[in-house]
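Asks: Here is a sequence together with a model predicted from it:
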Amino acid sequence: GVFRIDNNQLLTLHNKTLLDYDAASGIRSFFLQLKAVDANDNSFEAYANISIALQDANDISPSFTQARYVFTISEAANINNTVGVVTATDPDTVGEISYSITLGSSSKFGVQQDGTIYLTDTIDVETEPQEYNVTVVASDGVQSTSTLVTIRITDANDNSPCAGNYTCECETGYEFTDPNTC
């Protein structure tokens, strides 16, 4: 059994392994009937009903629903646009999951409390990386876990065409250089 009465006549926990709120067995409460008998002649007895409710402990880390996330966003996206959503679950009933970015380009990206990753700054494929790797942490206030998020930036048609710097020679011997090249 899980409980027993020790030599001092105290109800004690005998088998702790059976007490796991998160276990698949689902045993979260115990009902005991305690019988007391008169030690002198065994003719008198009394009963007490005892109810023990198991409480959840915050003993399991949250876990992400994917080992790694990959999102794509256009460089034309506006600040506060959603990049993607990460999701973590926690079998513990204690604590609420919150998200944060701990490593990577946290100046370009933020994460809301529901796991939504969003753009916090402008991005430009021509002058900045085309891919960012950030680490997102899910915490329940006691336990935490992290996952890698790769954010790929796609190019947008946001620059004027450029023919380059060129020189033309004409039959008359004149040279023309375009002063307005990029």
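Replies: Received, thanks. Numbering: from 1, shown residues only.

Asks: surely Ile60 meets Ala88?
Replies: No: under the criterion of CB atoms under 8 Å, Ile60 makes no contact with Ala88, lying 11.6 Å away. Bear in mind the C-beta positions are built from the backbone N, C-alpha and C, glycine included.

Asks: neighbour count winner among these two?
Replies: Neighbours per residue, other CB atoms under 10 Å: of Ile60 and Ala88, the larger number sits with Ala88, 23 against 16.

Asks: what about dumping the CA coordinates of the longest strand along the chain to CSV?
Replies: Ordering each strand of the chain by length in residues (DSSP state E) puts strand 144-154 first. Output of strand 144-154 as CSV, limited to C-alpha atoms (Å, rounded to 0.1, in the frame of the first residue of the first chain):
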residue,chain,number,x,y,z
SER,A,144,12.4,25.7,-18.4
THR,A,145,13.4,24.3,-21.8
SER,A,146,14.6,25.9,-25.0
THR,A,147,14.4,25.3,-28.8
LEU,A,148,16.2,26.7,-31.8
VAL,A,149,14.2,28.9,-34.2
THR,A,150,15.5,29.6,-37.7
ILE,A,151,14.0,32.7,-39.4
ARG,A,152,14.7,33.0,-43.1
ILE,A,153,14.3,36.3,-44.8
THR,A,154,13.0,36.4,-48.3
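
Asks: Make 5 the first number, not 1, from now on.
Replies: Fine by me, first position is 5 from now on; the one you just mentioned is strand 148-158.

Asks: which helices and strands sit right next to that strand?
Replies: strand 67-68, strand 72-78, strand 86-89, strand 135-143 (3 or more CB pairs under 8 Å, 6 or more residues apart in numbering; DSSP states H and E).

Asks: JSON lines please, covering those strands and showing distance to Tyr51, mean neighbour count and mean pLDDT.
Replies: Output for the helices and strands packed on strand 148-158, formatted as JSON lines (distance: least, CB to CB, whole Å; neighbours: other CB atoms under 10 Å; pLDDT from 0 to 100):
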{"stretch": "strand 67-68", "distance to Tyr51": "45", "mean neighbour count": "18", "mean pLDDT": "95"}
{"stretch": "strand 72-78", "distance to Tyr51": "58", "mean neighbour count": "15", "mean pLDDT": "96"}
{"stretch": "strand 86-89", "distance to Tyr51": "55", "mean neighbour count": "17", "mean pLDDT": "97"}
{"stretch": "strand 135-143", "distance to Tyr51": "47", "mean neighbour count": "18", "mean pLDDT": "95"}
